[in-house]
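1. quick one: sequence and predicted model below, then my questions.
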Amino acid sequence: MAGTYSTTSGWLITLTRAMETCGLDVDSCLSDANIDRAWVKDPEKRICLDAFSRLIKLCNDRLTERNFSVILGRSLHPGMFHVLGYSMMTSSTLNDAFKLIVTYQKILTDACRFEIDEGRDSVCLSLAVQQYDMTNRSAMDREVVESFLSVIIGFTRSLIHDKFNLSKLELSFEHPENNTEYLQSFFDCEIEFGCEKTQIVFDRRYLHEPLSVANPVVNLAHKSVLNEFLSRVERHDLTYLIKHEIYKSLALGAPSQQEIAKNLCMSTRNLQRKLFEQGTNYKEILEKTRYSLAMNYMQQAHLSFCEISYLLGFSNVGNFNRAFKRWTGKSPGTYRKTLAESNN
């Protein structure tokens, strides 16, 4: 993994709110953590996670109850996640909102990985923290993990009017020496320490809870901005850069590996080597990109199969039909019919 991890500058919106609520000197705290308050006005800014951790720890140490992490969960503003927060707000269901966290998690941070595991009765949203290569030190301290979880839960409760109750909170770190009543008070569920994973567990019925300000049209516009924003956050991510180049070229036909390498100012050989090191190849990325786009286009009833075939860069609709059956086991016609029936 990278030697330095980062998080979005949007945190500063909520951090300054929380510090003011606690009566802390905002400028002094930010200065001591080597963070510039002006960064809150720069949505493209990334804050070094070590500096972010210092700030959380510094604020926590200045409070008698050492509960700054959950105060953040009560002070949040959707703008802290920038367009991701607003996109979550306009999602149709909580399931759609959580999927956005997983898909666009690097906008929040590259220091952990979010995953959703849906069971028959319950759902787990887990947070797997990265480690620094040379030292194996966790990229996120306990206070930072608590802060991320508190903000996600606080935001979720705001989306469904505080009806979101957790079944359990599992934390991978050991029980801290200081009092943890603040965690119990905020999360209001059974809490276990020293677990294999850090995750929140909740009733599956919440997944399909309709959100109060759901707006499909606005949400679609937000996703377009999200993709552009993510492309800037992930300049270092080769797989994402390749996908971005494929998106731009597909309507003119599937771009070759040589064309993509040229657009990225790389030799084809170097591109192949780097992808091999990541355990993938260009053909696989092209296939997955086409599949993902196809699933999106198939839900847009106004698009004909001929139009979808063109948008995916296939030379004719027959090639699209064969590819779609390979992906799903169904013809496009059968798949769309099943989709229409499930929506009625």
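-> That came in fine, so what should we check first?

2. quick check: Ile153 vs Ala254, distance?
-> When C-beta to C-beta, to the nearest Å is the yardstick, Ile153 and Ala254 sit 43 Å from each other. The way it works is simple: take the backbone N, C-alpha and C, and place the C-beta from them, glycine included.

3. the two: who's more crowded?
-> The residue with more neighbours, out of Ile153 and Ala254, is Ile153; 23 against 17, by other C-beta atoms under 10 Å.

4. how distant is the helix or strand encompassing the more buried one from the center of its chain?
-> Using DSSP states H and E, the element containing Ile153 is helix 142-159. Centre-to-centre, helix 142-159 and its host chain are 14 Å apart (C-alpha atoms, centre = their mean, to the nearest Å).

5. any idea which helix or strand comes after that helix?
-> Next element after helix 142-159 (DSSP H and E): strand 166-170.

6. contacts for that following strand, please.
-> Outside of strand 166-170, the residues within contact range by C-beta atoms under 8 Å, 6 or more residues apart in numbering are 122, 149, 153, 183, 187-192, 195-203.

7. so how far is the next helix or strand after that strand off the chain centroid?
-> From strand 166-170 onward toward the C-terminus, using DSSP H and E, the following helix or strand is helix 181-187. Mean-position distance between helix 181-187 and its chain equals 25 Å (C-alpha atoms, centre = their mean).

8. where does the stretch 101-250 of the chain dip in pLDDT?
-> Applying pLDDT under 70 to the stretch 101-250 of the chain flags residues 133-135, 162, 234-237, 240.

9. kindly recompute the last result at 90.
-> 103, 106-108, 110-111, 130-139, 158-164, 176-179, 208-214, 216-250 (pLDDT under 90).

10. narrow the contacts of strand 166-170 to those in helices?
-> 149, 153, 183, 187 (DSSP state H).

11. got a list of what the nearest residue to the third one once chain neighbours are set aside touches?
-> With C-beta to C-beta, 6 or more residues apart in numbering as the criterion, Leu183 has its nearest non-adjacent residue at 5.9 Å, and that residue is Ile191. Residues counted as contacts of Ile191 (C-beta under 8 Å, 6+ apart) are 168-171, 180, 183-184.

12. show me what the one helix or strand Tyr310 maps to is packed against.
-> Take DSSP H and E as the rule and Tyr310 turns out to sit in helix 305-311. When contacts are defined as 3 or more C-beta pairs under 8 Å, 6 or more residues apart in numbering; DSSP states H and E, helix 305-311 packs onto helix 282-298, helix 317-328, helix 332-343.

13. ok, and for the longest one, which residues are buried?
-> Translated: helix 282-298. Of all the residues in helix 282-298, those buried under the rule 16 or more other C-beta atoms under 10 Å are 282, 285-286, 289-291, 293-294, 297-298.

14. wait, which of those residues is closest to Ala111?
-> Ile285 (24.6 Å; C-beta to C-beta).
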